[in-house]
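J.: Just to be clear, the model below is a prediction. Sequence and coordinates:
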Amino acid sequence: MGISFSDKGIVLRLDNVATSYADIQENTVTGKVMTTSYLACDAPTALLSVGRTLALTAHVQIAKSGVTSLEVKGQISYDGTNWEDVQMVRGDTGATAAEHSFTASGYYALQTTSQGAAKFFRMVGKYTGGALGAGDKIIVRVEVL
């Protein structure tokens, strides 16, 4: 399979330990250790300057072992400095919310059509409850249309 123009690759990776991965440009990036506060990825390819998009899909991979839930949300920005939460629709439930809570491991889709009104987009995540375990992680890959 090739890489499509709309594929933005991994825009968020949070684990129980800092883990290296290859971003969409094949650069080695080190993800962050997740905490109980929202974190974004620092990699340049994780801050999407997407301009005029019609829609955005975040493919969320959740692995849970020790925590109660993993939280993910999308944020938009005019200047790449000040961030506002944006509502996204969860594909498996149809729930529309700014923050989505995942209590089971699996693959989930979050989508938005309002992202086209912002210059910048990013994903952030955290955990709540329990203790961070060896298998806890959040990986988010994004596609835009």
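T.: Yep, it's here. Numbering: from 1, shown residues only.
J.: moving C-terminal of the helix or strand of the chain with the lowest mean pLDDT, what's the next helix or strand?
T.: In the chain, no helix or strand scores lower on mean pLDDT, DSSP states H and E than strand 48-49, which sits at a mean of 62. Following strand 48-49 in sequence order, the next helix or strand is strand 56-63 (DSSP states H and E).
J.: Partner strands of that next one, with direction?
T.: Strand pairing for strand 56-63, determined by DSSP bridges: strand 106-112 (antiparallel), strand 137-144 (antiparallel).
J.: ok, of those, where does mean pLDDT dip lowest?
T.: Mean pLDDT across the strands paired with strand 56-63 is lowest at strand 137-144; the value there is a mean of 89.
J.: Could you export that one as PDB, keeping only the C-alpha atoms?
T.: Output of strand 137-144 as PDB, limited to C-alpha atoms (Å, rounded to 0.1, in the frame of the first residue of the first chain):
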ATOM      1  CA  LYS A 137      -0.900   3.400  25.000                       C
ATOM      2  CA  ILE A 138      -2.700   5.800  22.600                       C
ATOM      3  CA  ILE A 139      -1.700   6.000  18.900                       C
ATOM      4  CA  VAL A 140      -3.600   8.400  16.600                       C
ATOM      5  CA  ARG A 141      -3.200   8.500  12.800                       C
ATOM      6  CA  VAL A 142      -5.000  11.200  10.800                       C
ATOM      7  CA  GLU A 143      -6.300  11.400   7.300                       C
ATOM      8  CA  VAL A 144      -7.800  14.600   5.800                       C
END
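J.: ok, back up a step: most neighbours per residue, which of the strands paired with strand 56-63?
T.: strand 137-144 (a mean of 22; mean count of other Cβ atoms under 10 Å). Where C-beta positions appear, they are placed from N, C-alpha and C, glycine not excepted.
J.: I'd like the distance from that one to the chain centre, please.
T.: Here strand 137-144 is found 5 Å from its chain centre; the criterion is Cα atoms, centre = their mean, to the nearest Å.
J.: Ends of stretch 73-86, what's the gap?
T.: This stretch, stretch 73-86, spans 8 Å end to end (Cα to Cα, to the nearest Å).
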